[in-house]
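1. my questions concern the predicted model and sequence given below.
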Amino acid sequence: MAYVPVLLHPTTFTEQLEFFLEGTQWIDAHGAAPADWAEKIAQSLGRFGISAASPPVRPEKRPAASLSSLRRVAAFTDRIWPLLVEHADRSDASVTYVVRDMGPARQDARHEVRLGSRLFWAIDWDEDAHLLLLNEGAEGKTYCLCPSWFCPNSHIKAGVTVLPPKSAHCEPFVITGQPGREHILAILSKEPLAEGWMPPSPATPARELSVADVDDLIRRIQRLDVAAWTALATYCDVAVDY
């Protein structure tokens, strides 16, 4: 049996796995751009007579100066999904939310939430990162959900993160605006990208992005090494009623 080991993260191997990998080389993809290692995988498989077309990779991964171009660079993902609040159990000291896990959206399929609904966003990521979470509504306005008063700390740990976190002591996100598709864009990076974007008062919990904000964000991303950030995209469809 032919196999091509690919090292995605620094790791240690069990004795059993070391036995199978002994004397075998692997492709080190940790911290490298996809263009640097996807072709190596295709070449290795080709030596065993396996045809493997390289996946389409944008060589530079450099967005033009617009959110729509940034979304085109982003990978549509199943790593971000909504948790719809169905009920809230309140006491004097705390509140417990009963939620319905809607699961990730599927490309070209409706993923509906009702106008006025309350929800959390869950993000599953493999490593610690700084998160910039943007919500572009059907009315054309874009809000920064993280960092915001909903999520003041942009640094997330590896694993599943639910926003808003309990530490923010705030209500879930409320679906407002007008019916239509809302685009969710998550940018995960080694360093924070939205310093100074926190609104001055919790009365305005999330910053509405201006053209200057978007231009500044794109410039910051364009200066980064391609291995220093990742963009993920998903959506939900806001309906007046189900």
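-> Yes, it's here. Residues are numbered from 1 along each chain as shown.

2. residues in contact with the spatially most central residue of the chain?
-> The centroid of the chain falls nearest to residue 186 when counting by C-alpha atoms, centre = their mean (3.7 Å). By C-beta atoms under 8 Å, 6 or more residues apart in numbering, the contact set of residue 186 is 77, 80, 123, 131, 132, 133, 134, 231, 232, 233. The C-beta positions use only the backbone N, C-alpha and C, and glycine is treated the same way.

3. so of the residues you listed, which ones are in strands?
-> 80, 123, 131, 132, 133, 134, 231, 232, 233 (DSSP state E).

4. and which of those is nearest residue 91?
-> Taking C-beta to C-beta as the measure, residue 91 lies nearest residue 123 of the ones in strands among the contacts of residue 186, at 28.4 Å.

5. would you mind confirming that the closest one is in contact with residue 159?
-> No. Residue 123 lies out of contact with residue 159 (C-beta atoms under 8 Å); the separation is 9.5 Å.

6. okay, and the helix or strand of the chain with the least pLDDT?
-> Least confident element among the helices and strands of the chain, by mean pLDDT, DSSP states H and E: helix 15-21 (a mean of 57).

7. contact partners of the following helix or strand past it?
-> Using DSSP states H and E, the helix or strand that follows helix 15-21 towards the C-terminus is strand 27-28. With contact meaning C-beta under 8 Å, 6+ apart, strand 27-28 is reached by 4, 5, 6, 7, 37, 40, 41, 44.

8. can you pick the most crowded of the ones in strands among the contacts of residue 186?
-> residue 133 (27 neighbours; other C-beta atoms under 10 Å).

9. show me what contacts that residue?
-> 121, 123, 144, 145, 146, 151, 163, 184, 185, 186.

10. show me how this structure divides into domains.
-> Annotated domains of the chain cover 6-46, 67-239 [automatic domain parsing].

11. what's the most buried one of the ones you listed?
-> domain 67-239 (a mean of 16; mean count of other C-beta atoms under 10 Å).

12. run the chain-centre distance for that domain.
-> Counting by C-alpha atoms, centre = their mean, to the nearest Å, domain 67-239 is centred 8 Å from the centre of its parent chain.
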